[in-house]
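Visitor: quick one, what's the 3D model for this:
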Amino acid sequence: MAGSADLDTRVATDDADDAPARVLIADDHRMITEAVARLLERSGGFETRVVGTLTEAIQALAGDTPYDLLLLDVRMPGMTGLESVQRVLARAGDTKVVLFSGEADRRFVAGAVDLGVRGLIPKTMPLKALTSALQLVLSGEVFMPAAGAPPAGSGAPDGTDLTELEIIILKLASDGATNKEIALHVNLSEVNVKMHMRAICRKLDAKNRTHAAMLARSLAVI
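Guide: Coordinates of the predicted model:
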């Protein structure tokens, strides 16, 4: 009987290890967060939920569903600086909290880390790097953008000026999504998606979307 109990324990532990990490994304930029959520889930290993205000984030943390990690936008409705970060941390319990931002003052980030935040994830981070960063945080480490990387919110590196929306569109396109699928993801018409894709190609001096994706990957944009 003891052997059977040990086996059951091992099976339960294995199942727990295989369970996807639950990620709460708190950000009011829906077209960005929903695209990131879909991409995380498609990459495997993650379950996601998106909320758009500080109040909703705190309510989610206080609910019955435990979260492994919270991506917290510093500029969404209800956020008023480090005081709001402290409120979130007080509710987070075992949930690891990471700032998720297009723009974040370095002193603010340092203050948040001192309070217990596990680092900063720029919204423009390439998907492959994003999943690696999240796994690092989940393992107990603090993640910060590498030294010398462009500041969060500065757009694409090396002289290009892609917007956050254009980067999301390019990520989806490089992942094989059609214009129709991209339009559904970002809540735009197919015509607007095509216009954005033309703008992306112009900014990257690319011949087509495939070429644009190749250039963007070489520039570490996606």
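Visitor: find the nearest non-adjacent residue to the spatially most central residue of the chain, please.
Guide: Nearest residue to the geometric centre of the chain (C-alpha atoms, centre = their mean): residue 36, 5.5 Å. In space, and not counting its chain neighbours, residue 36 is closest to residue 25: 6.6 Å by C-beta to C-beta, 6 or more residues apart in numbering. In this view, the C-beta of every residue, glycine as well, is placed from N, C-alpha and C.
Visitor: repeat for residue 167
Guide: Nearest one to residue 167, counting by C-beta to C-beta, 6+ apart, is residue 124 at 5.5 Å.
Visitor: quick check: the one you found touching residue 166?
Guide: No. Here residue 124 does not reach residue 166: they are 10.2 Å apart, not a contact under C-beta atoms under 8 Å.
Visitor: measure residue 67 to residue 192 for me?
Guide: Distance of residue 67 to residue 192, given as C-beta to C-beta, to the nearest Å: 34 Å.
Visitor: so these two - more neighbours on which side?
Guide: Set residue 67 next to residue 192 and count neighbours by other C-beta atoms under 10 Å: residue 67 wins out with 22 against 16.
Visitor: can you tell me the helix or strand for that one?
Guide: Using DSSP states H and E, residue 67 is not contained in any helix or strand.
Visitor: show me the contacts for it.
Guide: Shown in contact with residue 67 (C-beta atoms under 8 Å, 6 or more residues apart in numbering): 22-24, 49, 60-61, 95.
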